[in-house]
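Engineer: Build me a structure from this.
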Amino acid sequence: MSAAASLGVRTGGARPLAGTGTLLRFALRRDRVLIPVWTAVNALMVLSMPGTIEGLYGTAAERADLMRQTETNSSLRAMVGPVFDDSLGALTAWRVGVYAAALAAVTSLLIVVRHTRDEEESGRQDMVASGMVGRRAPLTAALLTAAVANGVLALLVIAGLAGQGAAGAVALGLGIAGVGMLFATMAAIAAQLTESARQARGLTAAVLGGAFVLRAAGDSARVDGSSVLTWLSPLGWLENLRAFAAERWWVLPLIAGAAVVQAAVAYELAGRRDLGMSFLPARPGPAAGRLRTAGALAWRLQRGSVLGWSVGFLVAGAVYGSMTEGVADLVGDNEQARDIIERMGGQAGLTDSFVSAMVGMLGLIAALYVVASVLRLHGEETSGRAEPVLAGAVGRLRWAAGHLAVAFGGAALVMLLAGAGFALGYGRDAGAILGACLVQLPAVWVIGGAAVLLHGVLPRGAVAAWGVAGAVLLLGWVGPALDVPRRVLEVSPYAHLPKLPGGEMNWAPVLVLTSIAVVLVGVGLAGLRRRDVA
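Structural biologist: As a prediction, the model looks like this:
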């Protein structure tokens, strides 16, 4: 441990929380864009849903029929969970509750890791610790920052849904915020166990993915959310809170208690390790052989991420594929639901439109993978690990090319596996489904190209690539349901892709989007070559 860190420990030993207020204000200032944007997007998704549901299922009979369909369609329950009441509030909690909680969890883990392990990895925490800052102050400030974000989200949800029922709005708002804090404290533990921010984010995200899978498996097995698998998932706890449907208030202390226990574990671990160290150090690798090239090093650094995304897309494709046979029964005579599916998936037959819409959703999610993979360049550079590599006989373009090959090639791999899973779950039209998945790649690559451009030309704003991906995801997911004007939807590159299967293949937009991606990458690499590193 450095002398500065030692000084920080000694001066902060008597007052372990000294400086927490200052660090909290600094963290909120650093996140003055991230927190409002992510919170507003999440709140908008929740608050727009009652009107959408009312447009889709305007009568009590239609909503009751939806409940009956959910009870008999295990694939639908796996996707969005069980329905406990046919009111607009209960259907809102059913349709977006799990996804809003998952988004709050992602926001929280990003905040906590950024202000703990990221700071240690960059060396800034070492400088902070040399002043009168308590040993546990950075962790406390990070958790308080996450609490502010989740608290604002809870208030927005409660205020926006109060008209559907005050008790239900409070339950849903506090439940979503509680799940967010649960994963905030989980990220705090991961930040103590791992030695890099990337590993901490990956570990927490893996737990979130596991929680989603457990909830889906449990909900598909039981119609009332009582499966053991559902109760093993924090997302299942939110469902069983039953907002707007005879609320189970005792679930909230369960969520809060789990968050408090995890926070206590994080504090205990933080007090037992040296600054910059971890309980799970990375395994040392060979200095030659498989790591002789920049591309091999990039693959070694990102192979775990590629594997995780690949498995996730394969499973997601299989789940969506298994739902395809029942889509006609699910939609029935509901013209509004049919219109939404056709706006997302084209004007072909209902089944083809559904397949196209779901493949499009997977393509939107693939944009998150490509941004994360491209920004690994940014992380390597800002952490100082890129400098030793570039100090040798490795040029900047060669170094960047290795990571970009993993990013853009990995996007092709995950979409290919998504198509394979979809075809496996559906049991037919494998070739057409694989083609529909691969045609998403030019739009995915455009988002990746935007990330390369930001990193190369404006490195301080590289994280804005997440905002680009989030805006495109919001347009693709919520836009059709809200009947957003076509001109607004066409801001997204995905809006210009052919609607496959079922639609006509048009190569012109595919080639244009691919060319745009190439130009963005080229300009970004030119900027990287000309500017100073870090």
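
Engineer: so which strand or helix has the residue most central in space within the chain?
Structural biologist: Nearest residue to the geometric centre of the chain (Cα atoms, centre = their mean): residue 106, 5.5 Å. Per DSSP states H and E: residue 106 is located in helix 88-115.

Engineer: Convert the C-alpha atoms of the next helix or strand after that helix to PDB, please.
Structural biologist: Next along the chain after helix 88-115, taking DSSP H and E as the criterion, comes helix 117-122. Extracted in PDB, the C-alpha atoms of helix 117-122 (Å, rounded to 0.1, in the frame of the first residue of the first chain):
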ATOM      1  CA  ARG A 117     -13.300   0.500  -7.600                       C
ATOM      2  CA  ASP A 118     -13.000   2.800 -10.600                       C
ATOM      3  CA  GLU A 119     -11.500   5.500  -8.300                       C
ATOM      4  CA  GLU A 120      -9.000   3.100  -6.800                       C
ATOM      5  CA  GLU A 121      -8.100   1.600 -10.200                       C
ATOM      6  CA  SER A 122      -7.300   5.100 -11.700                       C
END
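
Engineer: so where's the stretch 201-350 of the chain shaky on pLDDT?
Structural biologist: 275-278, 281-291, 325-350 (pLDDT under 70).

Engineer: Spell out, range by range, the strands that occur in it.
Structural biologist: In the stretch 201-350 of the chain, no strands are defined using DSSP state E, counting those that start in this stretch.

Engineer: Identify the spatial nearest neighbour of residue 158, chain neighbours not counted.
Structural biologist: The spatially closest residue to residue 158, leaving aside those adjacent along the chain, is residue 173, at 4.0 Å (Cβ to Cβ, 6 or more residues apart in numbering). From N, CA and C alone the C-beta is placed, and that goes for glycine too.

Engineer: swap in residue 189?
Structural biologist: Nearest non-adjacent residue to residue 189, counting by Cβ to Cβ, 6+ apart: residue 266, 4.8 Å away.

Engineer: Now do the same contact list for the one you found.
Structural biologist: By Cβ atoms under 8 Å, 6 or more residues apart in numbering, residue 266 lies in contact with 139, 185, 188-189, 191-192.

Engineer: Would you list the phi and psi of residue 491?
Structural biologist: With angles defined as degrees, to the nearest 10, residue 491 sits at phi -60, psi -30.

Engineer: Kindly report the same for the one 3 residues further on.
Structural biologist: When read as degrees, to the nearest 10, the backbone of residue 494 gives phi -70, psi -30.

Engineer: per-residue confidence for it?
Structural biologist: Note on residue 494: pLDDT of 90.

Engineer: my guess is residue 364 contacts residue 494, does it?
Structural biologist: Yes: the pair residue 364 / residue 494 is scored as a contact, 6.5 Å apart, by Cβ atoms under 8 Å.

Engineer: quick one: low-confidence ranges for the stretch 351-500 of the chain?
Structural biologist: Applying pLDDT under 70 to the stretch 351-500 of the chain flags the ranges 478-484.

Engineer: Which residue ranges of it form strands?
Structural biologist: Counting by DSSP E, counting those that start in this stretch, the stretch 351-500 of the chain contains no strands.

Engineer: mind listing the helices for it?
Structural biologist: With DSSP state H, counting those that start in this stretch, the ranges of helices along the stretch 351-500 of the chain come out as 376-382, 386-390, 396-426, 430-438, 441-457, 464-477, 486-489.

Engineer: what are the C-alpha coordinates of the shortest one, in CSV please?
Structural biologist: What follows is the C-alpha trace of helix 486-489 in CSV, where atoms were taken according to Å, rounded to 0.1, in the frame of the first residue of the first chain:
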residue,chain,number,x,y,z
ARG,A,486,-42.3,8.0,-37.8
ARG,A,487,-39.8,10.9,-38.3
VAL,A,488,-38.7,10.6,-34.7
LEU,A,489,-38.3,6.8,-34.9
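
Engineer: and the helix or strand that that helix is followed by, what other elements does it pack with?
Structural biologist: Later in the chain than helix 486-489, the nearest helix or strand by DSSP H and E is helix 507-530. Under the contact criterion of 3 or more Cβ pairs under 8 Å, 6 or more residues apart in numbering; DSSP states H and E, helix 507-530 touches helix 396-426, helix 441-457.

Engineer: So what angle separates the directions of the shortest one and helix 507-530?
Structural biologist: For helix 441-457 and helix 507-530, the angle between their directions (axes from the mean of the first three to the mean of the last three Cα atoms, to 10 degrees) works out to 20 degrees.
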